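Undergrad: Next comes the sequence, and after it the predicted model I'd like to discuss.
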Amino acid sequence: MIRPGELAAKAGNSIGKGRKMKIKLASTIMCVMAIAIISSGCLTTTQKGAAIGTGAGAALGTGFGTLAGSASAGAMIGAGVGAVSGALAGDYMDKKREEAEYAQLQRQLHMERQSRSGQGKNFIEGHYEYVKKRKWVDSSRKERAWVAERYEGDRRIEGHYEERLVPSGHWQEYEEKTWIPAHHE
């Protein structure tokens, strides 16, 4: 009589160790690569480098581990080495990008300073210009006016003459000679 455990053991032996290793290798590589691809969606370059390095290192480690006799140990060692080297490469790329952005910012600031200092613009020497101006000319005058007799309450005010101001005037336009100092336009 065949026991259930023996049947499974016989079935496992019939597949063969080589084929079993190939299945483990392929599944390990697919899992690690899937994790690396999925996790690299919205990460920094350092994190993406670590994820991709982990996947690539696990794949290479599994291959070398299979040749050496232990695919799982090779995959773990390869994943660790790949993660570290991928993170270092990603960090290096992040630093280079930051340096390039800083250099671009410095170039922009330099160009702004040049434009404020007048470099690259037309230089105009100091000169006189005639500037049109306006001023109010007051021509108001006083005028004598007769005020008729009137009553304010119980008090009587007799008729008399008063001097009143009659406002008038006009705008006068004129030109004035003005010194314009040297400047950039």
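TA: Ah, there it is.

Undergrad: Name the residues of stretch 177-185 that come out as buried.
TA: By 16 or more other CB atoms under 10 Å, stretch 177-185 has no buried positions at all. Where C-beta positions appear, they are placed from N, C-alpha and C, glycine not excepted.

Undergrad: Please disregard the earlier target; I meant stretch 159-168.
TA: In stretch 159-168, counting by 16+ other CB under 10 Å, buried: nothing.

Undergrad: How far away from the center of its chain is that stretch?
TA: 72 Å (CA atoms, centre = their mean, to the nearest Å).

Undergrad: So what touches it?
TA: Stretch 159-168 is contacted from outside by 139, 140, 141, 142, 143, 144, 145, 146, 147, 148, 149, using CB atoms under 8 Å, 6 or more residues apart in numbering.

Undergrad: Tell me both backbone torsions, phi and psi, for the closest residue to residue 150 other than its chain neighbours.
TA: Leaving aside its sequence neighbours, residue 150 sits nearest to residue 157 (CB to CB, 6 or more residues apart in numbering; 5.3 Å). Phi and psi for residue 157, reported as degrees, to the nearest 10, are phi -110, psi 120.

Undergrad: and residue 157, what does it touch?
TA: Counted by CB under 8 Å, 6+ apart, residue 157 has contacts 149, 150, 151.

Undergrad: I'd like a version of those in TSV, one that adds secondary structure, neighbour count and pLDDT as further columns.
TA: Formatted as TSV, the contacts of residue 157 follow (DSSP: H, G, I helix; E, B strand; the rest coil; neighbours: other CB atoms under 10 Å; pLDDT from 0 to 100):
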residue	secondary structure	neighbour count	pLDDT
149	coil	9	91
150	strand	10	90
151	strand	8	91
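
Undergrad: And the residues you listed, which is closest to residue 84?
TA: residue 150 (109.2 Å; CB to CB).
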